[in-house]
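This is a predicted model, with the sequence first.
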2 protein chains.
Amino acid sequence: MDAATRSRIETRMQWVEDEMEAVLASRPADAVLYSMQRYHLGWLSDAFEPLPVELARRYGGKKLRGVLCLLACEAAGGDPAAAVPAAAAVEFIHNFSLIHDDIEDEDPERRHRPTVWRLWGVPQAVNAGSNMQVLVNEAALRLSDRGVSDDRALSVIARLTRAMLAMTEGQALDLGWQDRWDLSVEHYLGMAAGKTAALTEAAAWCGAAVATADATALDHFARFGQAFGLAFQARDDYLGIWGRSEQTGKPVGADIQHGKRSLPIVHALEKSARQGQEPSRLPALRACLETRDVEGVLAALEEAGSRPFVEQIVARYTAEALSHLDALADHRAPDTGRSDLRAIAAYALGREE
Amino acid sequence: MDAATRSRIETRMQWVEDEMEAVLASRPADAVLYSMQRYHLGWLSDAFEPLPVELARRYGGKKLRGVLCLLACEAAGGDPAAAVPAAAAVEFIHNFSLIHDDIEDEDPERRHRPTVWRLWGVPQAVNAGSNMQVLVNEAALRLSDRGVSDDRALSVIARLTRAMLAMTEGQALDLGWQDRWDLSVEHYLGMAAGKTAALTEAAAWCGAAVATADATALDHFARFGQAFGLAFQARDDYLGIWGRSEQTGKPVGADIQHGKRSLPIVHALEKSARQGQEPSRLPALRACLETRDVEGVLAALEEAGSRPFVEQIVARYTAEALSHLDALADHRAPDTGRSDLRAIAAYALGREE
């Protein structure tokens, strides 16, 4: 990523963060609830003291989905300032679901820090996540203050709502899969379409919808976001098994330890079950998964060719995402917006530092 | 309550339930997530089989807040059919917060049945509650299908959003109070205004707002809903200590066992702390509360006069609620709507069967 692109993206990251802070600042200042949220967002320490900017960036994440939303608005010919409330809403969705997912998966750490439930207990964490889910609406309702018409604001809220439905439906599937052995890559892609890609799809669609009502263009933005989300999740699953700990913020083999049905595992399960050769490899893989035998699972994944398979899935959806950006060239989309989207997609999927 | 009033209220209860079912029916039919929600709503058994209507009514609650919303619409001169999506949204708010509250309070039973988290675990229950919170938007967005204008639909969503913020802020306070000894009735009323009264306020306001834009009338509806909610919560706290188990659906003394800072307890704490006489009664009360000594706490409440105090609070807010209905007589409000609101308020506050 060149310096000018990086600088544009960082400015937009800051706009998203400023809008989130403005939404939080409108709530009672003495409520501990919002201090917990600011901790989760990387702005405060666990003693509720401000963190230096570099640490805040490290702990708070890169606001990838919010930035996608702003860049989509620009690529659709709009002023990104108008889309800032939608971008903040998208980030509140992402973050409330992280607070809840950490409870549901019993994850003790996120981005190298203790999770909200570990510090303040499950009851406060459930409630803090639910409150942040309300902030999604609170942020989106600010679109009117930016000159967005009522019917467009409603359609943004409807799209965000649809994304949250898909995410919680995907999460319910994922939670129910931890003792399932009969899963296929097709099952996985359906689940990931809800759990992850629905939000990146909504982010791109909502940003663009603030700028344009062109249905074909909006469809390309949505499909870009969807394919990007699937590539992103497949890449995340890849890193969850083969990534270095410093890169992922999780211990090596964490996904195997947790019994997660991530893409590599599902691929190996499907392949073992389908081999039809004697002796079947499924019982051996199942035994390794059940005993959380990380080395054994890694060997089985190697045997099944799951690593190149996942790389291929990442490449396929990345190409699909970029093809929708190319298609937008016919829709009077400004080149800077599109090339920034392309840059951030490459960045996120390659996980460059 | 006379037979004609009862029949009108039951019809409206059914409308609310039908709309909630229509919202759920728009989601994937095979998702276990929605079966759990239908169990919670009293429509299905824990094996996901339909329940007979009488049991469904018993387990599903009376849709009090949704009915309030429809009656407020009628009392403001509107067609209640237009307010049905808002009423369903209000009930989804109430019910998602029950699913989450049961997790947060570790309550094993609700309405004489095991709670969602007890049957399907905390992870699925957190996610099911969060999904139902999304259904709030999904329901409210259907206002457009009933001919409600975009700007009015947005103001209903904004009011529901404000109520959910107040509820989760109130719940965060309540959760933080279980080891506090320095609470006053004023603290309590602030918490209850958020945790309970914000939703009854929003229910009445939203119903009326579908029918009228008259700011004075809307203000009376909101203040009716607020005072009603405070009376209702005080009455609920009364029953949580002195109510019969069949009436409340909870074991006798459950609130004392849970260390809840309910109104009677907070009153006795404040009074014991303020007595200024030697020896202070606070240490004795505190010891009983800490050891969950139900008999000891009951004696201390008797001593402090907490029972008549709570009855007085219920009476005061009931009178305040009714005064706002009286004030609406000047606003061309139809008499049937207002008298039905009066009837249901008396019913809910007296808990007649």
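Now that the structure is in, tell me what you want to look at.

you'd agree residue A:226 is up against residue A:194?
No - Residue A:226 lies out of contact with residue A:194 (Cβ atoms under 8 Å); the separation is 10.8 Å. All C-beta spots, glycine's among them, are computed from the backbone N, C-alpha and C.

neighbours around the residue in the stretch 251-353 of chain A that chain B sits nearest to, how many?
Residue nearest to chain B within the stretch 251-353 of chain A (Cβ to the nearest Cβ): residue A:258, separated by 11.9 Å. For residue A:258, the neighbour count with other Cβ atoms under 10 Å in any protein chain shown is 16.

Was I right to think it contacts residue A:104?
No - judged on Cβ under 8 Å, residue A:258 makes no contact with residue A:104 at a distance of 11.0 Å.

all strands in chain A, in order from the N-terminus.
Taking DSSP state E to define them, one finds strands in chain A at A:109-110, A:113-114.

comparing those strands, which gets the lowest mean pLDDT score?
Note on the strands of chain A: lowest mean pLDDT is at strand A:109-110, with a mean of 90.

that older thread, out of the strands of chain A, which is closest to chain B?
Counting by Cβ to the nearest Cβ, chain B lies closest to strand A:109-110 out of the strands of chain A; the figure is 15.9 Å.

any residue of that closest one up close to chain B?
No - against chain B, strand A:109-110 shows no contacts by Cβ under 8 Å from any Cβ of the partner chain, the least distance being 15.9 Å.

Name all residues that make contact with the closest residue to residue A:266 other than its chain neighbours.
In this structure, residue A:266 finds its nearest non-sequential neighbour in residue A:188, 4.4 Å apart by Cβ to Cβ, 6 or more residues apart in numbering or on different chains. The contact partners of residue A:188, by Cβ atoms under 8 Å, 6 or more residues apart in numbering or on different chains, come to A:261, A:263, A:266.

As a markdown table, those with pLDDT would be great.
What follows is the contacts of residue A:188, written out as a markdown table (pLDDT from 0 to 100):
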| residue | pLDDT |
| --- | --- |
| A:261 | 91 |
| A:263 | 96 |
| A:266 | 96 |
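
Do I have it right that residue A:217 meets residue A:330?
No - with contact defined as Cβ under 8 Å, residue A:217 does not reach residue A:330; the gap is 9.0 Å.

For the two, indicate the residue with more neighbours.
Per other Cβ under 10 Å, whichever of residue A:217 and residue A:330 has more neighbours is residue A:217, with 23 against 10.

By neighbours, which of the contacts of residue A:188 wins?
Neighbour counts for the contacts of residue A:188, by other Cβ under 10 Å, peak at residue A:263, which reaches 27 neighbours.

related to what we said a few turns ago, nearest residue to the residue of the stretch 251-353 of chain A closest to chain B other than its sequence neighbours?
Residue A:258's closest residue in space is residue A:105 (Cβ to Cβ, 6+ apart), at 6.4 Å.

neighbours around residue A:291, how many?
10.

Over to residue A:128?
Neighbours around residue A:128, by other Cβ under 10 Å: 27.

okay, now the closest residue in space to it that isn't next to it in sequence: neighbour count?
Using Cβ to Cβ, 6+ apart and skipping residues adjacent in sequence, the residue nearest residue A:128 is residue A:36, 4.9 Å away. Neighbours of residue A:36 under the rule other Cβ under 10 Å: 25.

OK, contacts around residue A:36?
Per Cβ under 8 Å, 6+ apart, neighbours of residue A:36: A:116, A:119, A:120, A:124, A:125, A:128.

Does the last one touch residue A:116 like I think?
Yes - with contact defined as Cβ under 8 Å, residue A:128 and residue A:116 form a contacting pair (6.0 Å).

any shared contact partners between those two?
A:36, A:40, A:99.

On the pLDDT front, check the residue nearest to residue A:258 for me.
For residue A:105, the model assigns a pLDDT of 91.

ok, it to residue A:171 distance?
Using Cβ to Cβ, to the nearest Å, residue A:105 is found at 10 Å from residue A:171.

for residue A:335, same thing?
Distance, residue A:335 to residue A:171, by Cβ to Cβ: 37 Å.

ditto for residue A:262
According to Cβ to Cβ, residue A:262 and residue A:171 sit 14 Å apart.

Kindly report the same for residue A:339.
34 Å.

more neighbours, those two?
A count of neighbours by other Cβ under 10 Å puts residue A:171 above the other of residue A:339 and residue A:171, at 26 against 15.

That one contacts residue A:98, correct?
No - assessed by Cβ under 8 Å, residue A:171 is found out of contact with residue A:98, at 11.3 Å.

what residues do the two have in common as contacts?
Here residue A:171 and residue A:98 have no joint contacts, going by Cβ under 8 Å, 6+ apart.

follow-up on the earlier one: make JSON lines from the shared contacts of residue A:128 and residue A:116 and add pLDDT to it.
Shown next, in JSON lines, are those (pLDDT from 0 to 100):
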{"residue": "A:36", "pLDDT": "97"}
{"residue": "A:40", "pLDDT": "97"}
{"residue": "A:99", "pLDDT": "98"}
